[in-house]
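Engineer: Need coordinates for the following:
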Amino acid sequence: MVAQANFYIPSRGDIVYLDFDPTKGHEQKCRRPAFVISPSVYNQKTSLALFMPITKQQKGYPFEVLLPSDLKTYGVILTDQIKCLDWKTRNAQFIESVPEDLLEEVQAKIEPLLF
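Structural biologist: Predicted structure coming up:
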């Protein structure tokens with residue numbers, strides 16, 4: 001988490017509340033937790049960030065990453081639903097940061113999608 005003068009900037013590995021609406025089709029919608037995958041330097045310069053929605057409905061899809069039980073947030077990260085969104089207008093609100101091993105698991109899930 002990066003904060004300057006009470007101003008939050010999302011950082012890789014953070015979980016935030018975020019407004020996903022408007023959406024279309026079967027995209028994740030409403031205000032919900034999301035995982036930040038982009039670095040804070042990018043997020044600060046562009047006011048955009050790469051997010052992955054988090055859902056409570058675990059379906060066993062191969063790109064889900066289960067959040068550990070010791071976090072405040074529960075559910076699964078949908079790593080195949082990466083979205084680039086304006087975090088300021090979507091009202092990003094910090095919840096917590098994840099441990100390094102979870103960040104590595106997320107990165108391992110998205111690597112086959114991107115390369």
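
Engineer: Would you mind measuring from the residue most central in space within the chain to Leu50?
Structural biologist: In the chain, the centroid-proximal residue (CA atoms, centre = their mean) is Phe35; its distance is 1.6 Å. Phe35 sits 9 Å away from Leu50, going by CB to CB, to the nearest Å. The C-beta positions use only the backbone N, C-alpha and C, and glycine is treated the same way.

Engineer: What of Gln57?
Structural biologist: Distance, Gln57 to Leu50, using CB to CB: 22 Å.

Engineer: what's the answer for Leu113, then?
Structural biologist: For Leu113, the distance to Leu50 - CB to CB - is 12 Å.

Engineer: what bridges to the residue nearest to the centre of the chain?
Structural biologist: Legend: beta-bridge partners of Phe35 under DSSP bridges are Ile15, Met52.

Engineer: was I right about it contacting Ser97?
Structural biologist: No. Phe35 lies out of contact with Ser97 (CB atoms under 8 Å); the separation is 10.4 Å.

Engineer: so what sits against both of the two?
Structural biologist: Shared contacts of Phe35 and Ser97 (CB atoms under 8 Å, 6 or more residues apart in numbering): 14-15.

Engineer: Help me confirm that Phe20 comes into contact with Ile54.
Structural biologist: No. In this structure Phe20 lies outside contact range of Ile54 using CB under 8 Å: 10.7 Å.

Engineer: and the longest helix along the chain, what other elements does it pack with?
Structural biologist: Criterion DSSP state H: the longest helix present in the chain is helix 100-114. Applying 3 or more CB pairs under 8 Å, 6 or more residues apart in numbering; DSSP states H and E, we find helix 100-114 packed against strand 64-66.

Engineer: ok, back up a step: any idea of the mean pLDDT in the longest helix of the chain?
Structural biologist: For helix 100-114, the mean per-residue pLDDT is 96.

Engineer: still on that earlier bit, could you check the pLDDT of the residue nearest to the centre of the chain?
Structural biologist: 98.

Engineer: Please apply the same query to Phe20.
Structural biologist: For Phe20, pLDDT reads 78.
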